[in-house]
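Novice: give me coordinates for this.
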Amino acid sequence: MNQTISSNESIPSGKKKIIVLGSGPNRIGQGIEFDYCCVHGLLAIKECGYEAIMVNCNPETVSTDFDIADKLYFEPVFWEHLWEIIELEKPEGVIVQLGGQTALKLAKRLHERGVRIFGTSFDNMDIAEDRGRFSDLLKELDIPYPQYGTAYNAEEAIEVAQKVGFPVLVRPSYVLGGQRMRIVLNDEDLEKAVVSLLKHIPDNKILIDHFLDRCQEAEIDGIFDGEDFHVMGVMEHIEPAGIHSGDSNAVLPAFNLTPLEVTTMEHYGEKIARALDIRGLINIQFAIKDGVVYVIEANPRASRTTPFIAKAYGVPFLNIATKVMLGEKKLKDFKIEKKLDGFAIKEPVFSFNKFPNVNKELGPEMKSTGEAIRFIKDLRDPYFRKLYKERSMHLSK
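Specialist: Take a look at the predicted model:
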């Protein structure tokens, strides 16, 4: 006689618990940077007196070490596994801001089941992630952004592109590392890009942006607590727009933008954070052309540059942001002192030597497999001058 034997090794405690969702296996577009965020988030949760529960399935990460979280569920970061854990543990809520796009994608399911999401609400995160809704918000806030339109098939995409003007950036919503993003110059290439996108990501809303060619790209990471907005850092990319931010060398602080452009970025960042009612982290990408600052996108979560900024300035920003998400602290409760002698450069790391047949040309879809940090005293540093010379040569083509 066949018998089904079920067992459960996990015995819930009587403590108040908070679940942190990790980013799953390291891969292009998402990796060790988010593991750093999860680790510091778990430590902050424990400092606030909660039981910290980690859900992740990567043995190569620190967040899955036995002594980081109070309890580790070494499970795939999929809804079916997560829901079983939630039913058993009955947590106070879940943090999705620290595990990158993988964790963020589960916010809708959590919201629909009535599970509390610590930090920014699902609907406000969805506004930032849905390219069409976000562009509508920028229009309401009177913030410049590239002309855009949405489409669900190739015919609609061509109509939109002819309206906004080529070249255009074709991109889907809720994707990781710029997946399936393409810059196209004509109707034929646009049709191919849309057909390919819908083949791999069916039923996705497609956003068609006018691509701002030959402009400077920059980004900011910030924390908002409902009252105050703190800019963790302003980073200027050395590579021109059109190359994914994860593949770009980013310099902290900005080195070539005017004070007015930097101030404008910070002002727009705060306006967006307030409009989205952010609680915790937000990353905003900008394009600057002819003195005009355009907003490209906003990520209502930790970005891969958040650990870079924290290390460069020597400030525990992830600890601060987690306590803000939990409602345990306000920004005014922290004394934030940034220390950086010179500049810090975020360097992308590529693994093309292990994948010799991969196209090495950089574009809007991310290809780097990691990043490093380099400190320089000033802009006369030979390494920086070499990078900037390469950028100038690229723009002159």
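
Novice: the stretch 1-150 of the chain: helices as residue ranges?
Specialist: Using DSSP state H, counting those that start in this stretch, the helices of the stretch 1-150 of the chain run over residues 32-47, 79-89, 100-104, 107-112, 122-129, 131-140.

Novice: would a markdown table of these with distance to Ala154, mean pLDDT and mean neighbour count be doable?
Specialist: (C-beta placed from N, C-alpha, C; glycine too.) As requested, the helices of the stretch 1-150 of the chain are exported to a markdown table (distance: least, Cβ to Cβ, whole Å; pLDDT from 0 to 100; neighbours: other Cβ atoms under 10 Å):
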| stretch | distance to Ala154 | mean pLDDT | mean neighbour count |
| --- | --- | --- | --- |
| helix 32-47 | 34 | 93 | 24 |
| helix 79-89 | 31 | 95 | 15 |
| helix 100-104 | 26 | 86 | 25 |
| helix 107-112 | 27 | 95 | 17 |
| helix 122-129 | 23 | 92 | 20 |
| helix 131-140 | 18 | 88 | 17 |
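
Novice: the ones you listed into TSV, with extra columns for distance to Arg380?
Specialist: Output for those, formatted as TSV (distance: least, Cβ to Cβ, whole Å):
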stretch	distance to Arg380
helix 32-47	29
helix 79-89	51
helix 100-104	36
helix 107-112	46
helix 122-129	39
helix 131-140	38
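
Novice: nearest to His230, of those?
Specialist: Comparing the helices of the stretch 1-150 of the chain by their distance to His230 (Cβ to Cβ), the top pick is helix 32-47, with 16.1 Å.

Novice: list phi and psi for Ala312.
Specialist: Phi and psi for Ala312, reported as degrees, to the nearest 10, are phi -60, psi -40.

Novice: low pLDDT regions in this structure?
Specialist: For the chain, residues meeting the criterion pLDDT under 70 lie at 1-6, 28-31, 173-180, 391-397.

Novice: what residue is smack in the middle of it?
Specialist: In the chain, the residue lying closest to the centroid (Cα atoms, centre = their mean) is Ser303, at 3.7 Å.

Novice: helix/strand/coil for the nearest residue to it once chain neighbours are set aside?
Specialist: Of all residues not flanking Ser303 in the chain, Asn283 sits nearest, at 3.6 Å (Cβ to Cβ, 6 or more residues apart in numbering). With DSSP: H, G, I helix; E, B strand; the rest coil as the basis, the three-state label of Asn283 is strand.

Novice: for Val293, same thing?
Specialist: Following three-state DSSP, Val293 is assigned to strand.

Novice: got the contact list for it?
Specialist: Counting by Cβ atoms under 8 Å, 6 or more residues apart in numbering, Val293 touches 144, 261, 264-265, 268, 286-287.

Novice: distance check, it against Asp126.
Specialist: From Val293 across to Asp126, the span is 25 Å (Cβ to Cβ, to the nearest Å).

Novice: wait, doesn't Glu236 sit right on Ser248?
Specialist: No: counting by Cβ atoms under 8 Å, Glu236 does not reach Ser248; the two are 9.6 Å apart.

Novice: list residues touching both of those two?
Specialist: Common contacts of Glu236 and Ser248 (Cβ under 8 Å, 6+ apart): Glu217.

Novice: ok, Cys38 - contacts?
Specialist: Cys38 makes contact with 20, 22-23, 54, 56, 61, 63, 98-99 under the criterion Cβ under 8 Å, 6+ apart.

Novice: next step: the contacts of Val293 restricted to helices.
Specialist: Applying DSSP state H to the contacts of Val293, the entries found in helices are 261, 264-265, 268.

Novice: including neighbour count and distance to Lys335, could those go into JSON lines?
Specialist: JSON lines is the format used below for those (neighbours: other Cβ atoms under 10 Å; distance: Cβ to Cβ, whole Å):
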{"residue": "Glu261", "neighbour count": "20", "distance to Lys335": "29"}
{"residue": "Thr264", "neighbour count": "19", "distance to Lys335": "28"}
{"residue": "Met265", "neighbour count": "23", "distance to Lys335": "25"}
{"residue": "Tyr268", "neighbour count": "23", "distance to Lys335": "27"}
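
Novice: in stretch 310-320, what counts as buried?
Specialist: Neighbour-count burial for stretch 310-320, counted by 16 or more other Cβ atoms under 10 Å, picks out 310, 312-313, 315-320.

Novice: can you redo the residues you listed as JSON lines with distance to Arg374?
Specialist: Shown next, in JSON lines, are the buried residues of stretch 310-320 (distance: Cβ to Cβ, whole Å):
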{"residue": "Ala310", "distance to Arg374": "16"}
{"residue": "Ala312", "distance to Arg374": "10"}
{"residue": "Tyr313", "distance to Arg374": "15"}
{"residue": "Val315", "distance to Arg374": "19"}
{"residue": "Pro316", "distance to Arg374": "22"}
{"residue": "Phe317", "distance to Arg374": "20"}
{"residue": "Leu318", "distance to Arg374": "22"}
{"residue": "Asn319", "distance to Arg374": "25"}
{"residue": "Ile320", "distance to Arg374": "25"}
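
Novice: of the residues you listed, closest to Glu80?
Specialist: Closest to Glu80, out of all of the buried residues of stretch 310-320 and judged by Cβ to Cβ, is Leu318, at 28.5 Å.

Novice: ok, the closest one touching Phe308?
Specialist: No: in this structure, Leu318 is not within contact of Phe308 by Cβ under 8 Å, at 11.7 Å.

Novice: wait, Ala69 touches Val20, no?
Specialist: Yes: proximity of Ala69 to Val20 meets the contact threshold set by Cβ under 8 Å, at 7.5 Å.
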